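Coordinates only, no sequence provided:
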């Protein structure tokens, strides 16, 4: 499948129809798209480097009965700023797992400056052609949803019209998958219900749930029929009630306490009298009545009560979903400009501040380099409704002193989100320092319209041209790498850039590093240079190399937080 979009364009939408193809692996995912998490990714076909990673996508349906469902994504200008040929994919994640679309064919995306020379771009989309032509969409930009549902849909799904019928047949499955989870609770309540049924001389109503009670009744003909049932309640009640409550219930005729907790208030009246006489028997019955242990086989069925462990796992799971963990001991600085609470001295937009507080556990707060005239200011609603720190490019900057955690280390990850307002001067975004002097040991700088990076006494520059759009800049130093390109990497908006190395990158950072400067470069105790001109939104520094999965999660989180409106 082919999709074309012009450079720096946001339309047309890219859209894929979701249908049931009859494949077993997809069958499980067709249960309620509305409850699913849908993301879109796009990578360069040649380099396989991702341009977009797990960006939030959406779902739409048409007015047909049954409706046809589509997943779609609207490009941002930053997504289409580079010409090239890419591969796109949607990912649908829900309680059943995840699946990537399209299933069979690759979705090729071409970003080009003009379609004038293309012999496939400008003719109307007819017949069963699988190509999605964007030239028809601009005419319907007023209602992009309708225009796109007409343009891409026939090309991708004209031959798959049977799909809607299949999709509708799938809807019963979700309701069935949800019912099992409900049936677990009935089974617990019904295991308790046998207790009143035993006290009422085993009425047939309880025999359906406790088939063992009939088999127990067959083995010991005397009043043993009542005895196994208490033994069952003793074994079942522990599993349903937290395994701590059953123990008292066995020792002190407290079988009444578990029973009221599970069963209606009628059971306490009959059960105490019954269990008092029968408590000795359960203790003997396990030895003689081997069939009763089969009745304990309900307990294995209740090993879902070991979903106590899953309930702990979900509580742990939120920590991964929290891409940036402030308590992470390797997170050295975490400056977030989205909240005025992170600034000392700020009450409204335009106020200068005396401290940008660190949200990490290390409390490496950033302070202005001098008096009131050298203080950056906090501005509200700079990008996507969030605030930012404004550096004037002539006199202000921030100092973090002391900070020795990035000295003599073999790896770090630095991420800066910001927006330049001037690209014609040399500007320091961040740099390490020794004493009262900056050192090009860990730094990101704009010089000559491109980026210059320093790590472990090595220098590299990018071919990426600096501009005045909001961006996310990431530098990773990994001293364990075997080559310069392994040891130093640079990303713009999550996309890795090629580097030209001016000197070799070492294996560890300078052991004397004791300070960090943001927005300036320090020459000596009283002289500064390379003032940053623009906004900073977030600055993060880890004293370790983030693995690709974690880096991707952090990039995705920051991108959705700061630039989702662009």
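Yep, it's here. Keep in mind the model is a prediction, meaning the values are calculated, not measured.

alpha carbons only for contacts and neighbour counts from here, please
OK.

bridging residues for residue 438?
Residues in a beta bridge with residue 438, per DSSP bridges, are residue 433.

Can you give me every residue that contacts it?
By C-alpha atoms under 8 Å, 6 or more residues apart in numbering, the contact set of residue 438 is 431-432, 516-517, 521-523.

Which one of those residues sits in the busiest neighbourhood?
residue 432 (31 neighbours; other C-alpha atoms under 10 Å).

Residue 356 versus that one, what's the distance?
Using C-alpha to C-alpha, to the nearest Å, one obtains 18 Å as the distance from residue 432 to residue 356.

likewise residue 464?
From residue 464 over to residue 356 (counting by C-alpha to C-alpha), the distance is 30 Å.

what about these two, which has more around it?
Using other C-alpha under 10 Å as the criterion, residue 464 and residue 356 rank with residue 356 on top: 26 against 14.

Quick check: phi and psi on the more buried one?
Backbone geometry at residue 356, expressed as degrees, to the nearest 10, gives phi -110, psi 110.

mind checking pLDDT for it?
Residue 356 is assigned 98 on the pLDDT scale.

Do I have it right that it meets residue 344?
Yes: Residue 356 is within contact range of residue 344, at 6.7 Å (criterion: C-alpha atoms under 8 Å).

who touches both of the two?
In contact with both residue 356 and residue 344: no residue, using C-alpha under 8 Å, 6+ apart.

circling back to that earlier point, for the contacts of residue 438, which two are the farthest from each other?
Maximum pairwise distance among the contacts of residue 438 (C-alpha to C-alpha): 13.1 Å, between 516 and 523.

Count the residues that sit near residue 488.
Counted with other C-alpha under 10 Å, residue 488 comes out at 27.

bridging residues for it?
residue 477.

wait, it sits on residue 452?
No: between residue 488 and residue 452 there is no contact under C-alpha under 8 Å: 11.7 Å.

I'd assumed residue 390 was in a strand, is it?
Yes: assessed by DSSP: H, G, I helix; E, B strand; the rest coil, residue 390 belongs to a strand.

Apart from its chain neighbours, what residue comes closest to it?
Among residues not flanking residue 390 along the chain, residue 535 sits closest, at 4.6 Å (C-alpha to C-alpha, 6 or more residues apart in numbering).

Tell me which helix or strand residue 38 sits in.
Element membership for residue 38 (DSSP states H and E) is strand 37-44.

I misspoke; the intended subject was residue 380.
Residue 380 belongs to strand 377-383, assigned by DSSP H and E.

Quick one: mean pLDDT for that strand?
Averaging pLDDT along strand 377-383 yields 96.

so what does that strand touch, helix or strand wise?
Helices and strands touching strand 377-383, by 3 or more C-alpha pairs under 8 Å, 6 or more residues apart in numbering; DSSP states H and E, are strand 386-392.

So which other helices or strands are in contact with the strand it packs on?
Packed against strand 386-392 by the contact rule (3+ C-alpha pairs under 8 Å, 6+ apart) you find strand 377-383, strand 533-542.

Paired strands for the longest one, with orientation please.
This means strand 533-542. According to DSSP bridges, strand 533-542 forms sheet pairs with strand 331-336 (antiparallel), strand 386-392 (antiparallel), strand 411-420 (antiparallel).

Nearest to residue 3, out of these?
strand 411-420 (30.4 Å).

Tell me what angle that closest one forms with strand 377-383.
80 degrees (axes from the mean of the first three to the mean of the last three C-alpha atoms, to 10 degrees).

Pull out the buried residues from strand 411-420.
Neighbour-count burial for strand 411-420 flags 411-420 (criterion: 16 or more other C-alpha atoms under 10 Å).

what does stretch 63-78 give?
68-78.

follow-up on the earlier one: the strand holding residue 38 packs against which elements?
The contact analysis (3+ C-alpha pairs under 8 Å, 6+ apart) places strand 37-44 against strand 50-56, strand 58-61, strand 84-94.

got the ones you listed as JSON lines, with mean neighbour count, distance to residue 382 and mean pLDDT columns?
Listed next are the helices and strands packed on strand 37-44 as JSON lines, based on neighbours: other C-alpha atoms under 10 Å; distance: least, C-alpha to C-alpha, whole Å; pLDDT from 0 to 100:
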{"stretch": "strand 50-56", "mean neighbour count": "20", "distance to residue 382": "22", "mean pLDDT": "82"}
{"stretch": "strand 58-61", "mean neighbour count": "17", "distance to residue 382": "26", "mean pLDDT": "84"}
{"stretch": "strand 84-94", "mean neighbour count": "20", "distance to residue 382": "31", "mean pLDDT": "91"}
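
Among the ones you listed, which comes closest to residue 360?
strand 50-56 (25.5 Å).

ok, back up a step: quick one, which of the helices and strands packed on strand 37-44 is nearest to residue 363?
Among these, strand 50-56 sits nearest to residue 363 (C-alpha to C-alpha), with 31.0 Å.

how big is the angle separating the closest one from strand 37-44?
Using the same axes, to 10 degrees: strand 50-56 against strand 37-44 is 170 degrees.

neighbouring contacts of strand 50-56?
38-44, 73, 79, 91, 493-495, 552, 556, 560.

Also stretch 406-414?
In contact with stretch 406-414 (C-alpha under 8 Å, 6+ apart) are residues 474-480, 507-514, 539-546.

now with 6 Å?
Residues from elsewhere that reach stretch 406-414 (C-alpha atoms under 6 Å, 6 or more residues apart in numbering): 474-479, 507-511, 513, 540-545.

Stretch 502-509 too?
407-410, 456, 458-460, 479, 484.

just stretch 381-392 next, same as before
Contacting residues not belonging to stretch 381-392 are listed as 337-338, 376-380, 533-537, 565 [C-alpha under 6 Å, 6+ apart].

again, but for stretch 328-348
So stretch 328-348 is contacted by 353-360, 386-388, 537-543 (C-alpha under 6 Å, 6+ apart).

Check which residues of that stretch are buried.
Those would be 330-338, 340, 342-343, 345-346, for stretch 328-348 by 16+ other C-alpha under 10 Å.

now for it, what's the gap between its first and last residues?
End-to-end distance of stretch 328-348: 31 Å, with C-alpha to C-alpha as the criterion.

what's the answer for stretch 499-512, then?
Termini of stretch 499-512 sit 27 Å apart (C-alpha to C-alpha).

Residue 486 should be in a helix, yeah?
Yes: per three-state DSSP, residue 486 lies within a helix segment.
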